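>>> Here is a sequence together with a model predicted from it:
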Amino acid sequence: MTEPPTVSLCIPAYRAEGFIGRTLDCARVQSHQDVLINVSIDGSHDRTEEICRQASTEDERIRVSIQRGGLGWSRNTNAALAMARTDHVGVYFHDDIIEPTYVEHLVDALGARPAAASAHCDLAEFGLVEGVQPAHDYDGSTLHRIVDFLTTRRGTTLRSLHRRSRTGDLRFPTIHGDNHWSAYVFHVALLAAGPSVAVHEPLYRRWQREGSLTRSGGWFPGTLDDLLRGQAESFDATVEVLRQRLPDRDERCVATQALVVFHRTVVRRMQVRLGNRDALPDRLDWDGDTDIRADIGDETRDLLVRAERQLLELEARAA
């Protein structure tokens, strides 16, 4: 019988004194006991370090690292990931909640799918926003998984448990504005590494609260210029992932077209919100028609065509 794997939960923390104790408690009571808890604290601005240090004296599985320079969320998340030495690794954000069977059920899902690179579950949101985002099986070819994400963004793979033996040492790129553009690159790299298994249970809960990154607008900077600068850096970083993971030139062209549609959609929505009608960067040029020469399969083609139709509708609203 195979021994259950050791799992590293990586917690990037910042000004978290009001909730980090609960976050650690959720990690400590996992039914899968072979868990290591890595906490990277981005500066010691409140009692977060004190609370984590005290918890580490009570539970030897907790390791604490203090970043004195003010890294920002992506580099601090990378610092937490760099603490992991196990094959099974997951990012666990500092104000979220995981159910006691979270690790156990995701480990079981990965055990049942040896070729899978990651597993993720339904995401329950609470606080200012209530609801459940269902998990989504990302399967099929590397191209299909990438196009599926870029055209639908289904599931919550950012909160996956992944296998480093399949993904390598995944990291978030440092993107201007330190916002969600960095997470999009991480998503693509994760799904390019292998299938992601959906566990249809709401085992991970995200707290939508005032002051959180998603509620405060921190995912995107306030100005369109900042958004476009971050977009350009994210686009280039994702193109590099495609270059590494898709050796076939025609498949890379299809994935890049999906990337253009995805980025153009995000920026257009921002423009509509701001009432801005400026021209988009040259890298986001799109004539509304894709010349798909690769034999990519009907399902992948349909995803891309559907996303393009939705973008055409958005373009009409932005005009």
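Structure received.

>>> Just the element for His176, please.
His176 is part of no helix or strand, with elements assigned from DSSP states H and E.

>>> thought it was touching Glu233?
Yes: with the criterion set as Cβ atoms under 8 Å, His176 and Glu233 qualify as a contacting pair; they are 5.5 Å apart. Just so you know, the C-beta spots here come from the backbone N, C-alpha and C atoms, and that holds for glycine as well.

>>> Show me the shaky parts of the stretch 101-250 of the chain.
Under the criterion pLDDT under 70, the flagged ranges of the stretch 101-250 of the chain are 178-179, 211-222.

>>> Kindly list the longest helix within the protein.
Ranked by residue count under DSSP state H, the longest helix found in the chain is helix 249-274.

>>> For that one, list every residue counted as buried.
Residues 251-268, 270-271 are the ones in helix 249-274 that count as buried (16 or more other Cβ atoms under 10 Å).

>>> and if you look at stretch 242-251?
Along stretch 242-251, the positions that meet the burial threshold by neighbour count (16+ other Cβ under 10 Å) are Leu242, Arg245, Leu246, Glu251.

>>> which residues in the stretch 151-300 of the chain form helices?
With DSSP state H, counting those that start in this stretch applied, the stretch 151-300 of the chain shows helices at 164-167, 180-193, 224-245, 249-274, 298-318, listed in chain order.

>>> Generate CSV for those helices, with distance to Trp207 as supplementary columns.
Supplementary listing: the helices of the stretch 151-300 of the chain in CSV, determined by distance: least, Cβ to Cβ, whole Å:
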stretch, distance to Trp207
helix 164-167, 27
helix 180-193, 17
helix 224-245, 25
helix 249-274, 24
helix 298-318, 30
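
>>> among those helices, which is nearest Ile97?
Distance to Ile97, taken as Cβ to Cβ, is lowest for helix 180-193 among the helices of the stretch 151-300 of the chain, at 19.8 Å.

>>> Please enumerate residues in contact with that closest one?
When contacts are taken as Cβ atoms under 8 Å, 6 or more residues apart in numbering, the neighbours of helix 180-193 outside the stretch itself are 74, 117-118, 138, 142, 145-146, 148-150, 157-158, 160, 162, 166-168, 170-175, 196, 219-220, 230-231, 233-234, 237-238, 241-242, 244-246, 262.
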